[in-house]
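# need the 3D shape of this:
(one chain, ligands or ions: 4)
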Amino acid sequence: MTTLTQLAGALPGAQCFGEATLTGLEYDSRAVAAGALFVAVVGERFDGHNFLADVVARGAAALVVERAEAVPAGVPYLLVKSCREALAPLACAFWGNPTERLNLAGVTGTNGKTSTMRLMDAIARAAGETTGTIGTLGATVGETALPHDRTTPESPDLQRLFAEMLAAGATSATMEVASHALVMGRTAGCTFDIAAFTNLTQDHLDFHKTMEAYEAAKGMLFRDYAPRVAVLNTDDAAGARYAASNTAQQTLTYSPSGQAGADIWPVDVQLAVDSLRFTAKTPLGDVVVRLGFGGTFQIGNVLAAIGYGVARGFSPETIAAGLAACPPVPGRFHPVQAGQDFAVLVDYAHTPDGVENVLKAARPLTPGRLITVFGCGGDRDRTKRPIMGRLARELSDIAIATSDNPRTEDPERILDDVTAGMAPPAPTSEGAQVYREVNRRKAIALAVGMAKQGDTIVIAGKGHEDYQIIGHTKHPFSDQDVAREEIEKCLSH
Ligand SMILES: CC(=O)N[C@H]1[C@@H](OP(=O)(O)OP(=O)(O)OC[C@H]2O[C@@H](n3ccc(=O)[nH]c3=O)[C@H](O)[C@@H]2O)O[C@H](CO)[C@@H](O)[C@@H]1O[C@H](C)C(=O)N[C@@H](C)C(=O)N[C@H](CCC(=O)O)C(=O)O
Ligand SMILES: Nc1ncnc2c1ncn2[C@@H]1O[C@H](COP(=O)(O)OP(=O)(O)OP(=O)(O)O)[C@@H](O)[C@H]1O
Ligand SMILES: N[C@H](CCC[C@H](N)C(=O)O)C(=O)O
Ligand SMILES: [Mg+2]
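Ligands and ions are numbered 1, 2, ... in the order given. The predicted model follows:
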């Protein structure tokens with residue numbers, strides 16, 4: 001049992017009024033149950049102080065506030081300067097600082113976090129460990145899957161997951177560390193043994209405003225958290241800068257392009273639509289990579305995961321066994337086969353670099369035409385839209401711009417932004433034939449209707465997602481299922 005005064009000890013400068021026994025820790029009023037401590041976070045859209053009467057009615061035992069006058073009479077509370085900043089220290093204390101007893105690896109980077117984390121997890125499992133994972137695909141604790149909404153959850157959810165992992169006998173965990181999480185302190189208080197970086201390219205400028213601020217945000221993982229080992233992609237300029245200046249005890253570098261001087265690099269690469277084979281040169285000797293899924297972009301992710309294995313002290317054989325056993329990452333370069341004579345790949349590319357990489361990975365596997373169906377999410381970085389449009393047109397034979405998750409934006413306005421980048425530069429008319437179809441199912445049907453033997457359709461942006469967010473509503477929608485249904489319709493005609 002935790003008490004309010006015990007938790008106050010985790011917050012230097014906090015003033016404690018009253019005492020309570022606490023059975024939960026919440027930052028969202030809608031999740032409060034009897035006995036909880038409610039932290040009144042002041043955000044962009046809501047002020048937690050407006051929900052204090054509601055959470056007390058729900059049985060909250062105590063409150064953490066920035067304004068004492070908002071507290072209903074008789075309710076115990078902690079007065080702090082910033083509830084957002086208090087949240088993580090409270091969460092770590094409430095759950096007993098679980099990451100001090102768990103080997104934790106964090107992966108940051110614009111693209112490849114989910115894939116890299118899955119590969120790392122497979123390696124730890126091959127070493128015989130019970131593991132946990134936290135990321136875009138949800139969390140796993142041993143063999144149990146626990147869904148959650150964020151790539152990197154808020155600190156109370158994060159620390160609870162770590163505590164559940166320990167309770168389930170896990171000895172290690174791997175997680176995705178989104179830049180939003182670093183800036184908002186969701187991971188504050190975590191002890192990282194290993195921190196890995198995939199790449200930095202444009203995304204999230206709605207939040208970070210400049211690439212410099214975005215780079216600094218990701219750099220926090222290598223500077224503020226002092227991991228034991230930093231695993232860094234030095235092909236990437238930001239990765240090279242993190243390598244030159246970080247607070248890790250040891251830095252391991254990798255180079256997907258095989259640049260001289262890196263600690264880990266690939267030789268003899270062989271690519272196929274559903275496999276990737278190469279030999280990785282590492283400080284421990286050669287690792288034979290036999291991956292059961294494709295995508296040129298996975299080379300870097302595999303090297304980062306090998307860096308993790310090396311940092312953990314696993315043998316090359318264990319690392320190779322883990323990679324070979326790693327199941328395909330759902331919705332990343334994911335083939336859909338429903339009896340058609342052309343290829344269909346569902347992929348999660350939702351950034352300019354992602355679109356460029358997936359189309360460049362698909363091109364050499366395509367004897368016919370490359371047909372791209374893609375869109376851009378609403379309420380997210382607007383400036384990436386015309387760039388994604390331009391890349392889709394330049395790198396495809398047929399590019400169909402459609403909706404991703406429009407969220408609260410007008411889907412046609414999002415498409416205006418996307419197609420603004422798709423006009424061929426005068427006087428050439430090189431590049432793809434361009435189509436615009438706001439309805440994602442119709443766009444996929446259009447692609448399927450056009451495809452001939454030897455063509456590849458890449459359906460980008462939503463990967464594993466089984467929904468489409470329109471307004472505030474999540475409608476069931478799966479690119480894989482829709483592609484399959486539209487192919488079957490075509491074949492039955
Ligand atoms: C920019 C950002 O990440 N914002 C997050 C942040 O918002 P905020 O601090 O402004 O809070 P707010 O929404 O104003 O709410 C203030 C407080 O009131 C609470 N509240 C709100 C309503 C209510 O009825 N009761 C209540 O108690 C909220 O729980 C919160 O504690 O805290 C909120 C509560 O946890 C999050 O919902 C919100 O995520 C927004 C919606 C979001 O879309 N975030 C995305 C961009 C994100 O985090 N993405 C990354 C992945 C990025 C990547 O690709 O790498 C992720 O980790 O998922
Ligand atoms: N190393 C990489 N370099 C460039 N693009 C990549 C890389 N790895 C993956 N991608 C592209 O990015 C997409 C998303 O991959 P993944 O889910 O692993 O990234 P992520 O960083 O976890 O994304 P998110 O920010 O949504 O969590 C893939 O479907 C692929 O198109
Ligand atoms: N983690 C990313 C996922 C984007 C996925 C894409 N389908 C979209 O909705 O924009 C984000 O929150 O920006
Ligand atoms: Mg992810």
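# isn't residue 292 up against residue 327?
Yes: with contact defined as CB atoms under 8 Å, residue 292 and residue 327 form a contacting pair (7.5 Å). For every residue, glycine as well, the C-beta is placed using N, CA and C.
# residue 384 contacts residue 376, correct?
Yes: Residue 384 lies in contact with residue 376 (CB under 8 Å); the separation is 6.7 Å.
# hmm, stretch 186-194 in reach of ligand 1?
No: residues of stretch 186-194 contacting ligand 1 under CB under 6 Å from any ligand atom: none, with a closest distance of 7.4 Å.
# where does the chain have low pLDDT?
425-430 (pLDDT under 70).
# what does it put close to ligand 2?
So far as CB under 6 Å from any ligand atom goes, the chain lies against ligand 2 at 109, 111-115, 136, 151, 176, 198-199, 297, 300-301, 332, 347-349, 353-354, 357-358, 463.
# helix, strand or coil for residue 89?
helix (DSSP: H, G, I helix; E, B strand; the rest coil).
# list the contacts for residue 40?
Applying CB atoms under 8 Å, 6 or more residues apart in numbering, we find residue 40 in contact with 47-49, 51-52, 63-66, 70, 83.
# show the buried residues in the residues of the chain next to ligand 2.
In the residues of the chain next to ligand 2, burial by neighbour count holds for 109, 111-115, 136, 151, 176, 198-199, 297, 300-301, 332, 347-349, 353-354, 357-358, 463, counting by 16 or more other CB atoms under 10 Å.
# among the residues you listed, which are in strands?
Members of those lying in strands (criterion: DSSP state E): 176, 347.
# so which of the residues of the chain next to ligand 2 belong to helices?
113-115, 300-301, 353-354, 357-358 (DSSP state H).
# out of these, the closest to ligand 4 would be?
Comparing these against ligand 4 with CB to the ion places residue 114 closest, at 3.5 Å.
# quick check: phi and psi at the residue lying closest to that closest one once chain neighbours are set aside.
Nearest in space to residue 114, with sequence neighbours left out and distances taken as CB to CB, 6 or more residues apart in numbering, is residue 136 at 4.8 Å. Backbone torsions of residue 136, given as degrees, to the nearest 10, read phi -60, psi -30.
# before we move on, what about residue 6?
Dihedral angles for residue 6 - degrees, to the nearest 10 - are phi -60, psi -50.
# one more: residue 240?
For residue 240, the backbone dihedrals are phi -60, psi -40 (criterion: degrees, to the nearest 10).
# does it really touch residue 234, like I thought?
Yes: Residue 240 lies in contact with residue 234 (CB under 8 Å); the separation is 4.7 Å.
# so which of the two has more stuff around it?
Neighbour totals were compared for residue 240 and residue 234, and residue 234 leads with 24 against 15 (other CB atoms under 10 Å).
# just to revisit the earlier point, who wins for neighbours among the contacts of residue 40?
Using other CB under 10 Å as the neighbour test, the contacts of residue 40 are led by residue 63, with 30 neighbours.
# beyond the one helix or strand that residue maps to, next helix or strand please.
For residue 63, the host element (DSSP states H and E) is strand 62-65. Per DSSP H and E, the first helix or strand lying C-terminal to strand 62-65 is strand 77-79.
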